[in-house]
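Colleague: Coordinates only, no sequence provided:
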C-alpha cells in the first residue's frame, strides 16, 4: 500500500498548454513586428536590398522590439501581481496567508516576484531575436545586454 503513495511523489506534472501558447504568441508577435518593419523600410518590390537598407531595417526593428517589450513588461507585471492576490482571495486562502508571520511587504513582494517570473521568461525568449540583429551589423552586443 505504501508503494503508490511514494510513487506519486516522483511523478512530474506536464506543463499546461497555456505555457506553450503564450511563448508561441509572444514570438509570433515579434515576427509580425519584424515583417512590418521590413515592409516599412524596404518593401516587397525591391529584389536586392542594399547594406543601407538592412542597416535601416535592423535599427528600426531593434527600436520597435525594445519599446514593445518595455511597454508590455511594465503593463503585464502590474496586472499579474494584482491577479495573483485576487486569485488568493477567490480561493479564500489569502486569510491563511495573512495569519503567517510574514510582513505585508513580504507577501506583496513574493506575489509580485512569483507572478513576474513568467513574464521574465517571455523576455528571455526574445534574447535570440535581438542577438540576430547584432549579426546584421550596426548594433553592438552591449546594446543588446542593456536592452534586456
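Modeller: On my side now, so go ahead. All figures in this text were calculated on a predicted structure; none of them were measured in a lab.
Colleague: which residue ranges form the helices in this protein?
Modeller: Per DSSP state H, the chain carries helices over the ranges 2-10, 17-41, 51-90, 94-98, 104-125, 127-136, 141-147.
Colleague: Quick one: list the elements packing against the third one.
Modeller: With contacts defined as 3 or more Cβ pairs under 8 Å, 6 or more residues apart in numbering; DSSP states H and E, helix 51-90 has these neighbours: helix 17-41, helix 94-98, helix 104-125, helix 127-136, helix 141-147. Where you see a C-beta, it was placed from the backbone N, CA and C, and this is true even at glycine.
Colleague: 6 Å instead?
Modeller: With contacts taken as 3 or more Cβ pairs under 6 Å, 6 or more residues apart in numbering; DSSP states H and E, helix 51-90 sits against helix 17-41, helix 104-125, helix 127-136.
Colleague: Okay, now the unreliable bits of this protein?
Modeller: Where the chain drops to pLDDT under 70, the residues are 1-15, 46, 138.
Colleague: Dead centre of it: give me the residue that sits there.
Modeller: residue 122 (2.1 Å; Cα atoms, centre = their mean).
Colleague: count of residues packed around the closest residue to that one other than its chain neighbours?
Modeller: Spatial nearest neighbour of residue 122, chain neighbours left out: residue 26 (4.9 Å); criterion: Cβ to Cβ, 6 or more residues apart in numbering. Using other Cβ atoms under 10 Å, residue 26 has 18 other residues around it.
Colleague: swap in residue 68?
Modeller: Residue 68 has 14 neighbouring residues, counting by other Cβ under 10 Å.
Colleague: Can you name the residues that contact it?
Modeller: Not one residue lies near residue 68 by Cβ atoms under 6 Å, 6 or more residues apart in numbering.
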